[in-house]
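Trainee: Fold the following and give me the result.
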Amino acid sequence: MIYRILGIPGSLRRNSLNRSLLRTAAEVMPDNGKLELADLSDLPLYNWDLEQEVGFPDPVQRFRHQIAEADGLLFATPEYNYSMPGALKNALDWASRGGDEAPINRKPAAIMGAAGRLGSVRAQMHLRTVLMHSDLRVVQKPEVLIAGGGNFTDGVLTNDRYRDQVARLCAALIELIEADY
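Mentor: Prediction:
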């Protein structure tokens with residue numbers, strides 16, 4: 001069986017380090033995993049009035065459908081002002097709507113990130129806290145915390161130690177998914 005993994009970048013930048021991390025994950029994913037990238041760039045800011053008046057706008061429906069179809073989620077987040085980017089939090093706000101029927105509920109997930117000197121450690125801690133709301137089961141180890149951009153060349157993660165960590169994180173996510181089947 002091939003498991004569908006939805007890669008969710010925390011950054012909206014097309015050439016962000018965290019998109020590069022997700023491309024690396026696609027390269028090192030176990031043979032029984034396939035990664036698809038989500039695009040958060042056209043999600044409107046969450047607004048309860050908008051949800052009540054029109055339901056879920058088309059970009060939100062697309063994102064929620066991607067989550068529903070995925071067997072697992074792989075987050076790659078930078079760190080903005082000691083936390084996750086607002087675009088990622090906004091996407092999670094939309095994905096968690098619907099109470100027990102929200103598509104994100106109880107999904108297996110893994111988190112990694114590249115940023116600054118600490119490699120997005122604060123952002124990852126905050127993201128884990130937010131994911132608790134929807135009862136996601138998050139891989140605990142290995143932690144993938146990549147400090148700065150010096151480990152990337154032309155948008156490619158070139159540090160073998162970090163590439164191995166990404167591969168081990170992907171394998172751990174697949175193992176968590178398989179435990180559900």
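Trainee: quick one: secondary structure of the most centrally placed residue in the chain?
Mentor: Computing the C-alpha centroid of the chain and ranking residues by C-alpha atoms, centre = their mean puts F75 first, at 1.7 Å. For F75, the assignment made with DSSP: H, G, I helix; E, B strand; the rest coil gives strand.
Trainee: how far away is it from D42?
Mentor: 19 Å (C-beta to C-beta, to the nearest Å). In this view, the C-beta of every residue, glycine as well, is placed from N, C-alpha and C.
Trainee: Who are the contact partners of S41?
Mentor: 12, 87 (C-beta atoms under 8 Å, 6 or more residues apart in numbering).
Trainee: and the residue nearest to the centre of the chain, bridged to which residues?
Mentor: I8, I111 (DSSP bridges).
Trainee: other SSEs contacting the lengthiest helix in the chain?
Mentor: The longest helix of the chain (DSSP state H) is helix 160-180. Counting contacts by 3 or more C-beta pairs under 8 Å, 6 or more residues apart in numbering; DSSP states H and E, helix 160-180 is packed against strand 3-9, helix 17-28, strand 33-37, strand 72-76, strand 108-114, strand 144-146.
Trainee: Show me how far the longest one is from its chain's centre.
Mentor: In terms of C-alpha atoms, centre = their mean, to the nearest Å, the gap separating the centre of helix 17-28 from the centre of its chain is 11 Å.
Trainee: Right, I'll leave it there.
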